[in-house]
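A.B. asks: Structure, please.
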Amino acid sequence: MPPKWALGFSQCRGDYTREDQAREIAAEFRKRKIPCDIIYQDIGWTEGLQDFDWRKNNYTNPKGMVKDLSDMGFKMIVSQDPVISQANQKQWKEADALGHLVKDIRTGKSYDMPWPWGGNCGVVDFTKPEVADWWGSYQQKPLNDGVRGFWTDMGEPAWSNEDAVDRLNMKHHLGMHNEIHNVYGFTWDKVVTEQFYKHNPNKRIFQMTRSAYAGLQRYTFGWSGDSGNGSNVLDGWKQMVNQIPVGLSAGMGLIPFWTCDISGYCGDIKDYDAMAELYVRWLQFGVFTPLSRAHHEGGNAVEPWKFGTEAENISRKSIEMKYRLFPYLYTYAREAHDTGLPIMRALLLEYPNDKETFKLNGQFLVGKELLVAPVVEQGAVTKEVYLPEGEWIDFNNGKTKYKGEQWITVDAPLNTIPVFVKKGSIIPQMPVMQYIDEKKVYPVTFEIFPANINKETSFVFYEDDGESRDYERDVFCKTKISSKATNEDIKITIGERESKGYSPAGPRNFILKIHTSSKPKDIFAGGEKLKMLKQMRWRKILKPILQK
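C.D. replies: Numbering: from 1, shown residues only. Okay, the predicted model is just below:
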């Protein structure tokens, strides 16, 4: 499982490589009240590939910077590449002498790898056991400064002439490159994670990669890499469309924690007004991927405020929805860990007898209660959506109902993400915060959409500390909320908290928001009739609930 803050929003850019810039971006997010948990630093943060030293001219007080950002609620993630630059003479000579670099079968020397930045490099041989501790000591340096994790990039390993066959002359400790190529990134991610655990016991790692292999979910999270249109960024609509089936395929391939680069990464943005629609629609989709990161190449800024006031306001609203849904998403994160079922899932996983779900590439479920159908067509203000069996309710207004097993067309102007909740669902939510756990104690709202008469619905709300690996030893707590409707009443039951060594930081209110077709005549709590206040709200502070 990722640390819980990984399920918040994160921001990146190719030239995020300076202390003053990181501080400025962080301050701007807080000033504009756009929730954000993570600020990345791309590969230029390091003095040399890959010595894990902060670039001297770019960072005057990196440890202080990381601490100051942490005090504001931001976590910093830094990039690493799997190579040692020859220009980084000290580390190059060390790695070469130790035999830690992949060999050239023709010369017996360290292979001379062209690299897009940093000059020619040597490829680190992560299949060699001795490399692990050596690499782990280097990568621990920024972690000691407060950095919270890594993004392992270029693990194919990518290079400037990646279609050339010369790489087949590389000899790794465990075999020639044609044998190792597909698992190279996997061996790297395995080393990164195992070394993180060795140096930082009982702490969850954040590690995200674009290149690994079957089983990667044991060590890393995934992202789809450069996904935009590099020739013309404004033509990136088809690339965005493709990201939905990519994410669904990842989930069915046991990669439950996944994201794409919101904005597409590729291409120069020359007209921000023209790009605003694509950015907004990409972000509206991206906030429903388990990990959500906005990222673009070079100096092309993709912070929400860059695209104008309307785009900023819509983006804020979309990101806030992700934060409100955190209790729901985190509960499903635990299910993903336990069962392999992804958070973002293809409808066919829940409706395998409905053949219509076999070909749905433009919508998906988040958990099993919410159906998301992002708009991915330029200029579109409506969306065709397929609803499977059951009854579905517009989650945005909580009122409009649709029968399932049919296609519908719904209004979807630029400020709207079509989201539907299945009748018979309970959705836990929290107040909007600027970062996860900004407030340690907060009320949880259970939005209840009662099932049909005499049918019970329930949700088991999951919590743990969100930072340690204690969850692997089943240190957590769960609370079951259930609802059952009859012809006369709706009964809501808040179960006893099942605590296994973990309790929330303090007493907490539960708010029940119940969607009914008509105004209730009376409300009872624990057998006691409640008084009705203005706006048809009933209030009762139940000490047993607060203490639990």
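
A.B. asks: From the chain's centroid, how far away is stretch 53-64?
C.D. replies: 27 Å (C-alpha atoms, centre = their mean, to the nearest Å).

A.B. asks: what comes up buried for it?
C.D. replies: 53, 54, 55, 58, 59, 62 (16 or more other C-beta atoms under 10 Å). For every residue, glycine as well, the C-beta is placed using N, CA and C.

A.B. asks: Mind putting these into JSON lines with pLDDT and distance to residue 323?
C.D. replies: Listed next are those as JSON lines, based on pLDDT from 0 to 100; distance: C-beta to C-beta, whole Å:
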{"residue": "53", "pLDDT": "97", "distance to residue 323": "35"}
{"residue": "54", "pLDDT": "98", "distance to residue 323": "31"}
{"residue": "55", "pLDDT": "97", "distance to residue 323": "33"}
{"residue": "58", "pLDDT": "97", "distance to residue 323": "31"}
{"residue": "59", "pLDDT": "98", "distance to residue 323": "30"}
{"residue": "62", "pLDDT": "97", "distance to residue 323": "28"}
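
A.B. asks: what's the most distant pair in the residues you listed?
C.D. replies: Maximum pairwise distance in the buried residues of stretch 53-64, criterion C-beta to C-beta, is 11.2 Å, between 53 and 58.

A.B. asks: Need the residues that contact stretch 451-458.
C.D. replies: Residues outside stretch 451-458 that contact it (C-beta atoms under 8 Å, 6 or more residues apart in numbering) are 423-426, 448-450, 480-487.

A.B. asks: Go through that stretch and flag the buried ones.
C.D. replies: Counting neighbours by 16+ other C-beta under 10 Å, stretch 451-458 gives 451, 457 as buried.

A.B. asks: Just the CA coordinates for that stretch, please, in CSV.
C.D. replies: Taking C-alpha atoms only, stretch 451-458 is exported to CSV below (Å, rounded to 0.1, in the frame of the first residue of the first chain):
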residue,chain,number,x,y,z
ALA,A,451,-31.2,0.0,-1.5
ASN,A,452,-34.6,-1.2,-2.5
ILE,A,453,-37.2,-2.2,0.1
ASN,A,454,-36.0,-5.0,2.4
LYS,A,455,-32.6,-5.0,0.9
GLU,A,456,-29.6,-4.2,3.1
THR,A,457,-26.5,-2.3,1.9
SER,A,458,-23.3,-1.7,3.8
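
A.B. asks: Any idea which residue is closest to the centre of this protein?
C.D. replies: In the chain, the centroid-proximal residue (C-alpha atoms, centre = their mean) is residue 291; its distance is 0.7 Å.

A.B. asks: Surely that one and residue 224 touch.
C.D. replies: No - Residue 291 is not in contact with residue 224 according to C-beta atoms under 8 Å; the separation is 11.1 Å.

A.B. asks: Mutual contacts of the two, please.
C.D. replies: 258, 259.

A.B. asks: and residue 301, that's in a helix?
C.D. replies: No - using DSSP: H, G, I helix; E, B strand; the rest coil, the assignment for residue 301 is coil, not a helix.

A.B. asks: Not counting its neighbours along the chain, what's nearest it?
C.D. replies: Nearest non-adjacent residue to residue 301, counting by C-beta to C-beta, 6 or more residues apart in numbering: residue 13, 6.1 Å away.

A.B. asks: Would you agree that neighbour is in contact with residue 296?
C.D. replies: Yes - at 5.9 Å, residue 13 and residue 296 qualify as touching, with contact defined as C-beta under 8 Å.

A.B. asks: between those two, who's got more neighbours?
C.D. replies: Shown here are residue 13 and residue 296; by other C-beta atoms under 10 Å, residue 296 has more neighbours (28 against 24).

A.B. asks: Could you tell me how far the residue in the chain sticking out farthest from the centre is located from residue 19?
C.D. replies: The centre of the chain is farthest from one residue, residue 107, which by C-alpha atoms, centre = their mean lies 43.9 Å away. Applying C-beta to C-beta, to the nearest Å, the value for residue 107 to residue 19 is 41 Å.

A.B. asks: What ranges does the stretch 151-300 of the chain have for its strands?
C.D. replies: 170-172, 175-176, 206-209, 221-223, 258-259, 261-265, 292-296 (DSSP state E, counting those that start in this stretch).

A.B. asks: Buried deepest among these, which one?
C.D. replies: strand 261-265 (a mean of 28; mean count of other C-beta atoms under 10 Å).

A.B. asks: thinking again about what came up before, would you reformat the strands of the stretch 151-300 of the chain as a markdown table and include mean pLDDT and distance to residue 354?
C.D. replies: Below are the strands of the stretch 151-300 of the chain laid out as a markdown table (pLDDT from 0 to 100; distance: least, C-beta to C-beta, whole Å):
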| stretch | mean pLDDT | distance to residue 354 |
| --- | --- | --- |
| strand 170-172 | 96 | 46 |
| strand 175-176 | 97 | 45 |
| strand 206-209 | 96 | 33 |
| strand 221-223 | 94 | 28 |
| strand 258-259 | 94 | 24 |
| strand 261-265 | 95 | 30 |
| strand 292-296 | 97 | 29 |
